[in-house]
Every structure is written in structure tokens, then in C-alpha cells.
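# Sequence and computational prediction follow.
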Amino acid sequence: MFDAHAIREDFPILKRKVNGYPLIYFDNAATTQKPHQVIDAERDFYENHNANVHRAVHTLSQEATELHEGARETISKFIGAKEPAEVVFVRGTTEAINLVAYSWGLRNLKAGDEVLLSLMEHHSNIVPWEIISKLTGFTIKYAKVNIDGTLDYQDFEGKFTKNTKLACLSHVSNVSGIVNDVKRIAKVAHEYSALMLVDAAQSVPHMPINVKDLDADFLAFSGHKMLGPTGIGALYGKKSLLEKMAPFEGGGEMIKEVSYSPQSEGCEISWNAPPWKFEAGTPNIAGGVALAEAVRYLQRLGMAEIFQHEKELTEYAEKKLQTCCTKLALYGTTNPNLKCGIIPFGIEGLSSHDVALFLDNYGVMIRSGFHCAQPLHQIFKLQSSARASFYIYNTKDEVDRFVEVLKEMEQF
């Protein structure tokens, strides 16, 4: 049985008080807190195994390499990849998408080609494509989003043409919590011989994911949103695509051989095999080890159980919020079958930052602003929004306290 109260005991930070009140952390879509198992795993690496990987025959280097590549294998199995070589370590979702944009997009997209996005995308899945479209001349098309925050599937699918080369879509909106049917869009993309990139930053931490079932060509996610450290994440790519792609950065590790030619007075370079071809320089070894520990922690809880816990908590919170304040508005759909643990809301007459600061006075942490998704806020006709987002350690008791503070805010 899923027991959030028991889980909380693994998280040292949740014992903190803020402004004299017990910490209630509802900003999990931005980043999650870390259990002591993950903290201990990173510390153990530095205390007992610290060395560079793939570069030496001594004991510490061999141990570090084994831990590093073992972490890759753990993560690849977690998302259902065919083999570890399909998992590239990156700093996070942002770098993963940029890697695809520059290594694949810059060399494969030209004037006349089309890339499809939705208007609910995080800026990390908009800005790289806008940048390189100015360099190569391809066209970006944006699919509509309905006023309740759901994707307009008919509009998205209707924008595919013979010129479409890539479709990009968030699996879960970081603003509304809407779960998109990326498998459906991938099927249409492949019918048009286009590739499918999935921004899974808000789905891999919260629900069972199998890249083979989704038939994603690329899938990106961040470690810090799933109990892991900051500065580590992964890009999944089908091996046949990774093998054809050029490196994202140059340096050590990503080369197979560099040889100087006196005849040409230059160096000839051959690339390493994927995934190392895309991992120039010393990687975040300790971060990868800790992320693998985070994966094992989530697997022990069960991803289906985590998803169910969040859905129940979200439904409970939305029902309480709908009756707690006359000036409170929920944005997007409240249909529990269409979303997971994210609730965007606002208080009439107050900015989202005012709401967040008032809650902070009582130890309640939420997010305020655009959440790096301004086009979606334009659709909602909002200057900004407040956002509560849940994870494995959040409870109904915390929701009740959250609602109490909001009632005090309205009275104030």
C-alpha cells in the first residue's frame, strides 16, 4: 500500500520549518526533493570511488566506469530502451532537446521542410527550433490548444504534410498537467515518414514509460524532477538515428581517434560510437550514479502506484479548491482522467507572485509566473498563474493546510 507519510521519513528537507511553519513543498514540477538514499549514493561515490571514467586502468577508474555505465543500464531499462547505448547522459531536458536540434536538426532540416510543435510546449521545446529555423530556413507550425488546456488533436494531425520532418510534443504539460497522447501523434508522424520527439520531463518521474510502446524516436527528461540531482538527465534516441547524427560538442571522450597528417598539415578525426559520441568531456559521474539510485527508489514504490497517488491527490485538492474561496479560479481542465499532479490557479485581484509570497509566509512553497510556457498563458488569457504540483511525499493533510491558508488570504 502506497504510504506517503512513511515515504516522507526518507526526505531530510521535509523536516524543515519555514517562517516557523512546517515546510509544505508543492513546487515539484520545477524540481523535486531528494531522499537520503540518493544523497548517500552521491556522497559514497565521492568518498570511495571518485575517478574519471573510461580513461585509466587503475582500481578507482575501473570502479567509477562500472558505476557510470551501470547507471546508464539502470536508466535504459527504466524507460524500456532496447539497450544502454540508446541513452545519452545530458544536463537535463533542455540540453537533450538542444542536442537533437543541433546534431540532427541543423544537418537534416532545410528550406521547405516543416517541424510541428504545440502551443503548450515549454520554452525549451520552442526556442531551439526557432533558433535553428533562422539558420536553415525550415518552417515551424504550431498546433492549437483548446481553452481547457487540452491539445487540439485534429489541428495537430491536420498540419502534417509530406514536408513534415519532425513532430515535437510534451507528454505532460508543465502548466496544466494535461497528459497528451504522444503515441497517437507518433503514429501519424511515422505515417508521414517524420520523426517524433517527446518532452518527457513531466512524465518520466510520474508514470510508467516505455519508449518502445510510445514509438518515440527521441525522448528527453531531467533527473532533478525525479528525486535525482540537478545537472543530470538523459536523451533517449533510437540507435539507428544516433549512429547517423554528428556530435553535439567536440573534445575528449567523444572521439575514437585523432591523428595528425603531415601531408595535409591537419588532424583527421573519427567519432566514438553512440552514446559516447555525444558526451564530450568528463561527465557528471556522481550525478548519474545518484540518478540511478533515484530510479531504483521509484521502482520500489512502483510507477503505476505513484501515478495513482498523484491523481487521487490532485482530484482531492481540486475539489477542495473549488469551494474554498469565492475569488479563486482553476485554469484548464479538472477532469482527473486527462491530467496528473499539477494545478494552475489564480486569486482575483492578486498577481501570482502575491499569492506565492503570501503562502510562503506560512511555509507553503508553490510556483508563480509563466512557468516557461508563455504561449499557453496567452491562450488562457493570463498574465501569469500560480501552480501547485504534487509528488510522492505530498499528503491530503498538506492539501488541507494549503486550503486553510488560501482562505486566510481571501479574508485578508
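Done, it's in.
# Could you give the secondary structure assignment for the residue most central in space within the chain?
Geometric centre of the chain, nearest residue: A201, 1.4 Å, by C-alpha atoms, centre = their mean. At A201 the chain is in coil, as set by DSSP: H, G, I helix; E, B strand; the rest coil.
# ok, now which ones touch it?
Contact analysis of A201 by C-beta atoms under 8 Å, 6 or more residues apart in numbering lists 92-93, 122, 170, 174, 220-222, 225. For glycine as for every other residue, the C-beta is placed from the backbone atoms N, C-alpha and C.
# Same list, those residues, but as CSV with distance to G266 and pLDDT please.
Listed next are those as CSV, based on distance: C-beta to C-beta, whole Å; pLDDT from 0 to 100:
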residue, distance to G266, pLDDT
G92, 35, 98
T93, 37, 98
H122, 41, 97
S170, 43, 98
N174, 46, 97
A220, 35, 98
F221, 39, 98
S222, 39, 98
K225, 43, 98
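# coming back round to it: setting the sequence-adjacent residues aside, check what's closest to the residue nearest to the centre of the chain.
In this structure, A201 finds its nearest non-sequential neighbour in T93, 4.2 Å apart by C-beta to C-beta, 6 or more residues apart in numbering.
# Neighbours of the one you found, how many?
If you count neighbours by other C-beta atoms under 10 Å, T93 ends up with 27.
# Then H190?
By other C-beta under 10 Å, neighbour count at H190 equals 14.
# pLDDT score for it?
Per-residue confidence (pLDDT) for H190: 98.
# quick one: it and K238 touch, right?
No: in this structure, H190 is not within contact of K238 by C-beta atoms under 8 Å, at 11.5 Å.
# dump the residue contacts of P128.
97-98, 101-102, 105.
# tell me which element V289 falls in.
Here V289 sits within helix 285-301, counting by DSSP states H and E.
# That helix - contacts with which helices or strands?
Applying 3 or more C-beta pairs under 8 Å, 6 or more residues apart in numbering; DSSP states H and E, one finds that helix 285-301 contacts helix 36-44, helix 59-78.
# just to revisit the earlier point, output the contacts of A201 as CSV; include the columns distance to P274.
Shown next, in CSV, are these (distance: C-beta to C-beta, whole Å):
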residue, distance to P274
G92, 19
T93, 19
H122, 25
S170, 25
N174, 28
A220, 15
F221, 18
S222, 20
K225, 24
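# among these, who's most crowded?
Top of the contacts of A201 by neighbour count (other C-beta under 10 Å): A220, with 31 neighbours.
# Send me the helix or strand encompassing that one as CSV with only the CA atoms.
Element membership for A220 (DSSP H and E) is strand 218-222. Output of strand 218-222 as CSV, limited to C-alpha atoms (Å, rounded to 0.1, in the frame of the first residue of the first chain):
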residue,chain,number,x,y,z
PHE,A,218,13.7,10.8,-29.2
LEU,A,219,12.6,11.3,-25.6
ALA,A,220,14.1,13.8,-23.1
PHE,A,221,13.9,14.0,-19.4
SER,A,222,15.6,15.5,-16.3
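# strand partners of it, parallel vs antiparallel please.
strand 195-199 (parallel), strand 233-237 (antiparallel) (DSSP bridges).
# just to revisit the earlier point, just flag the most distant two among the contacts of A201.
G92 and S170 (14.6 Å; C-beta to C-beta).
# how about CSV for the contacts of P128, with pLDDT added?
Listed next are the contacts of P128 as CSV, based on pLDDT from 0 to 100:
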residue, pLDDT
I97, 98
N98, 98
A101, 98
Y102, 97
G105, 98
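# With respect to G80, which of those is nearest?
Nearest to G80 among the contacts of P128, with distances taken as C-beta to C-beta, is I97, at 20.1 Å.
# before we move on, which element is the closest one in?
helix 93-99.
# List of residues touching that helix?
Contacts for helix 93-99 (C-beta under 8 Å, 6+ apart): 88, 90, 122, 124-125, 128, 168, 197, 199-201, 218, 220-222, 233-235, 248, 278.
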